[in-house]
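> quick one, fold the following:
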Amino acid sequence: MKSKVAAFIQTHRLIDESQPMKQRKQSDACVNLAESQQKKTALGIEASSDEIGIEKSQHVLVALSGGPDSVALLLVLHELHYRLTALHCNFHLRGEESNRDEAFVRSLCQRMEIPLRVKHFDTQRYAAEHKISIEMAARDLRYYWFNEILEEINAQAIAVAHHRDDLVETMLLNLIRGTGIRGLCGMPVRNGNIVRPLLCVTRKEILDYLAAHRQTYVTDSSNEERIALRNIIRLDLLPMLRNLNPRIDEKLTDTADYLRMALDATTFQTERWFREYGITPERFTLPLPLPPEASWLLHEWISEKGFNSAQERQMLDSLPQASSRRWLSSTHRIAKRAHTLTIYSNTASEAPILRQDIVTAPHRWEQGCAYFDADLLSQPLTVRPVTRGDRMQPFGMKGTKLLSDLMREMGLDLEQRRKQFVVCHGSEILWLMGHRSSNLYKVTEQTKRILRLSIEQGPKDETTEQT
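Below is the predicted model:
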């Protein structure tokens, strides 16, 4: 189904030229439709399905590079009367061209009276310090900042301008590099706070839309360089495929839809296996001898973590062996101890390792630990990062409280708050690690066994293998 934004672009690319240009404000000529066209648009848009789930009253951040895709996205969301704030990243990778892009974006937002925030990054230094590619560094910096602003101003979504051509390129890129079902699905319309309203719109439709509205934009000269694999796919491979089948984009998009339905079915069974074997997002373990589904489960566990197929095979082959080993990708690292794999992020705070000890009351309460009635806990405990909207019932309180408010009261700044982790019992938060424990399952006079939670250091492994 088309989103409201996609329907807008595909149905209303043309300005009503029967209205003389001089009767329209020069500053608004590129973004306003004629009155009769606006009425038609409103009817068509409101009748369509809004699969990205953004209400008009919500605050939307728009990633605005100044290129044709992001400019079209800004114009359409503005025309649909969404409450917007534009975000522009200056990565300082293209010299004067980067400054030109920033100047264009500032001028555009000023003319449209849309709030704009601009951030400057030393991208090359960040990439060198974290030993990742420039492309990956720019992506990390961009989305980290986007989410920072999302939390700061309480916005509801970050709109990015990926379109159907991008979806097709991503499918081919993943296929060439090697991938599973998820990679062949391309990219979703919505992924958490990220929304892609133009995903079923083609690049040509976007350019036609901008031309009809006489809206200018800037171009990135690096997009024409045959260095990045994505550029080679766009400039060379896709034109060849379109010669073989002029409808190849449509066919690949349909295939992505079918694969997404297949993924939904396999995900259900995969989740059942994960629960059965006790596999968590942080740790992977299986019974010995390995079950037939071991290869699939490992592939799903490390999906989108940057590991290659050779590393995946090495991990699988090593599981029956009681040894220590380590693998690295551009974004994550996996440590193996005995028959268990543990994954850590390279670009985010490393998840603390949770230590659990059963002690008998009475016991001396140690700072930095949390204590609970062990006999009341019915599910395995898991560790995950703090996420937006998390709530817990702090020890000694009757009601729940937002963790963001709790951490703010503790004096943690935004950077520190983003690095915190929680211990969960199912969907319940038991411990903001190292800081505050929950009032749930608390130790009382009737408690016989006490579960003490603490933080220990991660394992040190002998072997390192890098992509």
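> got a pLDDT number for A29?
Note on A29: pLDDT of 25.
> next one: the one 4 residues further on
According to the per-residue confidence, L33 scores 25 in pLDDT.
> over to A310?
Reported pLDDT for A310: 88.
> may I have the secondary structure class of it?
At A310 the chain is in helix, as set by DSSP: H, G, I helix; E, B strand; the rest coil.
> gap between the residue nearest to K398 when sequence neighbours are not counted and L77?
Closest residue to K398 apart from its sequence neighbours, by Cβ to Cβ, 6 or more residues apart in numbering: N439 at 7.8 Å. Glycine gets a C-beta too; all of them are placed from N, C-alpha and C. Distance, N439 to L77, by Cβ to Cβ, to the nearest Å: 43 Å.
> returning to what we had before: I'd like the distance between the residue nearest to K398 and P352.
Applying Cβ to Cβ to N439 and P352 gives a distance of 22 Å.
> over to I54?
35 Å.
> which of those two has more residues huddled nearby?
Shown here are I54 and P352; by other Cβ atoms under 10 Å, I54 has more neighbours (23 against 17).
> contacting residues for the more buried one?
I54 makes contacts with V60, Y82, Q156, A157, A159, V195, as judged by Cβ atoms under 8 Å, 6 or more residues apart in numbering.
> kindly report the same for R391.
T400, K401, L402, L403, I429.
> same thing but at 6 Å, please
T400, L402 (Cβ atoms under 6 Å, 6 or more residues apart in numbering).
> partner residues bridging it?
L402 (DSSP bridges).
> pLDDT score for N231?
89.
> check which helix or strand it maps to.
helix 229-232 (DSSP states H and E).
> got the contact list for that helix?
For helix 229-232, using Cβ under 6 Å, 6+ apart, the contacting residues are E169, L173, R226.
> what's the answer for stretch 247-262, then?
By Cβ under 6 Å, 6+ apart, stretch 247-262 touches V168, M171, I181, L184, C185, G186, L241, R242.
> mind listing what's buried in it?
Applying a neighbour-count criterion of 16 or more other Cβ atoms under 10 Å, one finds I248, D249, L252, T253, A256, L259 buried in stretch 247-262.
> which one among those residues gets closest to S107?
D249 (33.3 Å; Cβ to Cβ).
> please identify the helix or strand for the closest one.
helix 248-277.
> quick one: mean pLDDT over that helix.
The model assigns helix 248-277 a mean pLDDT of 90.
> any idea how far it is from the chain center?
How far helix 248-277 lies from its chain's middle: 18 Å, per Cα atoms, centre = their mean, to the nearest Å.
> before we move on, what about stretch 376-390?
For stretch 376-390, the distance to the chain centre is 20 Å (Cα atoms, centre = their mean).
> got a list of contacts for that stretch?
Contacts for stretch 376-390 (Cβ under 6 Å, 6+ apart): T280, A351, L354, L403, Q420, F421, V422, V423, C424, H425, G426, Y441.
> in helices, which of the residues you listed fall?
L403 (DSSP state H).
> count the neighbours of the nearest residue to T266 once chain neighbours are set aside for me.
Excluding its sequence neighbours, the residue lying closest to T266 (Cβ to Cβ, 6+ apart) is I181, at 6.7 Å. By other Cβ under 10 Å, 16 other residues sit near I181.
> I181 against D264, yeah?
No. In this structure, I181 is not within contact of D264 by Cβ atoms under 6 Å, at 10.1 Å.
> just checking, what packs against the one helix or strand H78 maps to?
Per DSSP H and E, H78 falls inside helix 68-79. Applying 3 or more Cβ pairs under 6 Å, 6 or more residues apart in numbering; DSSP states H and E, one finds that helix 68-79 contacts helix 203-212.
> what's the angle from the helix it packs on to helix 248-277?
Interaxial angle, helix 203-212 versus helix 248-277 (axes from the mean of the first three to the mean of the last three Cα atoms, to 10 degrees): 120 degrees.
> got the angle for helix 203-212 vs helix 68-79?
Using the same axes, to 10 degrees: helix 203-212 against helix 68-79 is 60 degrees.
> do you know how far H130 is from R325?
23 Å.
> of these two, who's got more company?
Shown here are H130 and R325; by other Cβ under 10 Å, R325 has more neighbours (18 against 15).
> now that one. Its backbone dihedrals?
phi -160, psi 170 (degrees, to the nearest 10).
> you'd agree it is up against A338?
No. Contact criterion Cβ under 6 Å: R325 and A338 do not qualify, at 10.7 Å.
> what's the spacing between stretch 301-320 and its chain's center?
22 Å.
> helix or strand right after the lowest-mean-pLDDT helix or strand in the chain?
In the chain, no helix or strand scores lower on mean pLDDT, DSSP states H and E than helix 35-47, which sits at a mean of 28. Next in sequence after helix 35-47, counting helices and strands by DSSP H and E, comes strand 59-63.
> partner strands of that next one and their direction?
Short version: by DSSP bridges, strand 59-63 pairs with strand 83-90 (parallel), strand 157-159 (parallel).
> just the ones of the contacts of stretch 247-262 in helices?
Reading helices off the contacts of stretch 247-262 with DSSP H, I get V168, M171, I181, L184, L241, R242.
> out of those residues, which is nearest to L298?
Looking across the ones in helices among the contacts of stretch 247-262 and measuring by Cβ to Cβ, the closest to L298 is I181, at 14.7 Å.
> just the pLDDT for that closest one.
The model's pLDDT for I181 equals 84.
> I'd like to know how far it sits from Y258.
Distance from I181 to Y258, by Cβ to Cβ: 10 Å.
> neighbours around V160, how many?
25.
> next one: N154
Neighbours of N154 (other Cβ under 10 Å): 8.
> where does it fall, phi/psi-wise?
According to degrees, to the nearest 10, N154 has phi 60, psi 40.
> contacts only, for it.
Contacts of N154 by Cβ under 6 Å, 6+ apart: none found.
> if we use 7 Å, what do you get?
N154 makes contacts with H59, as judged by Cβ atoms under 7 Å, 6 or more residues apart in numbering.
> which element, helix or strand, includes S454?
strand 449-456.
> list the helices and strands that strand packs on?
strand 353-360, strand 370-373 (3 or more Cβ pairs under 7 Å, 6 or more residues apart in numbering; DSSP states H and E).
> chain center to the helix holding N231, what's the gap?
Distance, centroid of helix 229-232 to centroid of chain: 22 Å (Cα atoms, centre = their mean).
> restricting to C-alpha, output it in PDB.
Only the C-alpha atoms of helix 229-232 are listed here, as PDB (Å, rounded to 0.1, in the frame of the first residue of the first chain):
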ATOM      1  CA  LEU A 229      29.800  -0.600  -4.900                       C
ATOM      2  CA  ARG A 230      26.400   1.000  -4.600                       C
ATOM      3  CA  ASN A 231      27.400   3.600  -7.300                       C
ATOM      4  CA  ILE A 232      28.600   0.800  -9.600                       C
END
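> circling back: adjacent strands (with direction) for the helix or strand following the helix holding D249?
Where DSSP H and E defines the elements, the next helix or strand beyond helix 248-277 is strand 283-284. Strand pairing for strand 283-284, determined by DSSP bridges: strand 340-345 (antiparallel).
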